[in-house]
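Peer 1: pasting the sequence and the predicted coordinates here, then a few questions.
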Amino acid sequence: MSDHSTAPLAQLRSLLGDTHVLTGEATAGFRKDWTGKWTADPLAVVRPADTAEVQGCVRIAATHGLSVVPVGGNTGLVGGTANSGALMISLERMNTVREVRPEAGLVVVEAGAILSDIHDAVAPHDMMFPLTFGARGSARVGGFLSTNAGGSNVVRYGSTRGLCLGVEVVLADGRVLDLMSELRKDNSGYDLRDLFIGGEGTLGIITAAVLRLVPAPRHHATAIAAVADLPAALRLLRALQLATDGAVEAFEYMPRSFMTALATHRPDLRQPFGIHDHAVMIDLGGLSRPLTDTMEEVLAEALEAGDVLDAMVAQNDSQRAHIWEMREAAAEVTFTRLPIVDNDVALPLDGVAQFIDRMHARLAEMDAGADTLIVAHLGDGNVHLTVYPTNDDVIEPIREMVEDVTVSLGGSISAEHGIGLSKLGTMARRKDAVALDVMRAIKMALDPDNRMNPGKVIP
């Protein structure tokens, strides 16, 4: 090992102790992300216990000119933790839910806290942190803030950015930026917090956060319904919103491509009726009254109108959990085949059907043998489109085609997974040039040596 690497390692061990400075084979658990597509070869992985130790690690890295890559649950899909020779800073030991304050509607957490642990901590107070997605048992605060994660409940509660009141960040020079606001309103200059939410660790390392809570629904109604087409699904969504005063928490699109793959790879998740071209999973949450009767009434009216073809409403917690598990198996099912072109786009709600139709028409011209798998947060227009091409040569042309169709409909090329490495080409092609210049200026101001998760987000 060279002197260039032994000196910082010795300083890191002095700061953290040998146990919390991992090198060589001890870093095996950090060398690839959940997808297995993106790999890392770090100089070391360090595991600080508090913000002061994160500061110390960042300062040591700065002294020796090392790149710094933060890592949470490593459940990302876009290569956000890939690196070679960097110092990876794992926040896993900083996992405390510090304070739950139901009267103020907030929870204070460290960046290594796991999402499901936050859910468990606030539940006894009849409160809920409404962010939820399939990786909630391993995803950590720093990760879901850094990618501005969305999840299934965005239709009612918004994405992560709207659920975060404040953050604490260690900057590239080791200073701590204290933005741990507990306020709903603060108009005192630039909203610096939002620079770091969605910043993927390129501007600093989030070490703690103040998160918003909402009253936990006392009643749920959950169903899966086959619908005639996507316009019918949107009519059903509107009818449910009107009938429940906006109590729709999730409205998830699961068409034939997804349900067929689910039946193949998860036969244990029995489907309640035959596979249709279009299906939606619906979850309602109410504070004051049961919603099952309302769900059944709206579905019955839609059935009579021909918008709904079949439906099953959960009658107990076990059935409700089963329906949710079907939706949350999406990532597992998606990555059963390679190669893939994984797309995470956002569209106006009434543009989703056009997007799917146009994309399939153009895909047939480019690669007639390609398969697709689609699942979507239909309530907020976020479509997860996976294309399985017949050969690697068409991967980039397909990616550009999806971009073309998305942008032509007024959509965004990234909805909730982040940019990382996988969407750098897309950013270069599609992001406004002035916006990229501003992003580069901000990066230069906060990280002039380009050491914080370099090569990510900004092409």
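Peer 2: Cool, got the structure.

Peer 1: center of the protein - which residue?
Peer 2: Taking Cα atoms, centre = their mean, the centroid of the chain lies closest to Ala149, which sits 3.3 Å from it.

Peer 1: ok, now which ones touch that residue?
Peer 2: Contacts of Ala149 were listed using Cβ atoms under 8 Å, 6 or more residues apart in numbering, and they are Leu131, Phe133, Ala139, Gly143, Ser159, Thr160, Glu416. Just so you know, the C-beta spots here come from the backbone N, C-alpha and C atoms, and that holds for glycine as well.

Peer 1: grab the nearest non-local neighbour of Ser422.
Peer 2: Excluding its sequence neighbours, the residue lying closest to Ser422 (Cβ to Cβ, 6 or more residues apart in numbering) is Val78, at 4.4 Å.

Peer 1: give me the number of residues near the one you found?
Peer 2: The burial count assigned to Val78 is 25, neighbours taken as other Cβ atoms under 10 Å.

Peer 1: what of Glu416?
Peer 2: With neighbours defined by other Cβ under 10 Å, the count for Glu416 comes to 22.

Peer 1: my read: Met427 touches Gly418, true?
Peer 2: No: in this structure, Met427 sits apart from Gly418 without contact. The criterion is Cβ atoms under 8 Å, and the distance is 11.0 Å.

Peer 1: name the element Thr390 belongs to?
Peer 2: Counting by DSSP states H and E, no helix or strand carries Thr390.

Peer 1: what's the burial count for it?
Peer 2: Burial of Thr390 is recorded as 12 neighbouring residues (other Cβ under 10 Å).

Peer 1: do the one 4 residues further on as well
Peer 2: Neighbourhood size, Val394 [other Cβ under 10 Å]: 19.

Peer 1: which non-adjacent residue is nearest it?
Peer 2: Using Cβ to Cβ, 6+ apart, the closest residue to Val394 is Asp367 (4.8 Å).

Peer 1: residues contacting the one you found?
Peer 2: Taking Cβ under 8 Å, 6+ apart as the definition, contacts of Asp367 comprise Pro389, Thr390, Asn391, Val394, Ile398.

Peer 1: dump those residues to a markdown table, plus pLDDT.
Peer 2: Converted to a markdown table, the contacts of Asp367 look like this (pLDDT from 0 to 100):
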| residue | pLDDT |
| --- | --- |
| Pro389 | 97 |
| Thr390 | 95 |
| Asn391 | 92 |
| Val394 | 95 |
| Ile398 | 96 |
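
Peer 1: low-confidence stretches in this protein?
Peer 2: For the chain, the stretches with pLDDT under 70 are 1-4.

Peer 1: domains of it?
Peer 2: 3-90, 97-215, 219-331, 337-416 (automatic domain parsing).

Peer 1: thinking again about what came up before, can you tell me the SS state at the residue nearest to the centre of the chain?
Peer 2: coil (DSSP: H, G, I helix; E, B strand; the rest coil).

Peer 1: picking up where we left off before, show the contacting residues for the residue nearest to Ser422.
Peer 2: Taking Cβ under 8 Å, 6+ apart as the criterion, Val78 is in contact with Trp38, Thr147, His417, Gly418, Ile419, Gly420, Leu421, Ser422, Lys423.

Peer 1: for those residues, which entry has the maximal number of neighbours?
Peer 2: In terms of neighbours by other Cβ under 10 Å, the contacts of Val78 top out with Thr147 at 28 neighbours.

Peer 1: quick one: the spatially closest residue to it that is not a sequence neighbour and Gly351, what's the gap?
Peer 2: Of all residues beyond its chain neighbours, the one nearest Thr147 is Gly418 (3.7 Å), with distances taken as Cβ to Cβ, 6+ apart. Spatial separation of Gly418 from Gly351 under the definition Cβ to Cβ, to the nearest Å is 22 Å.
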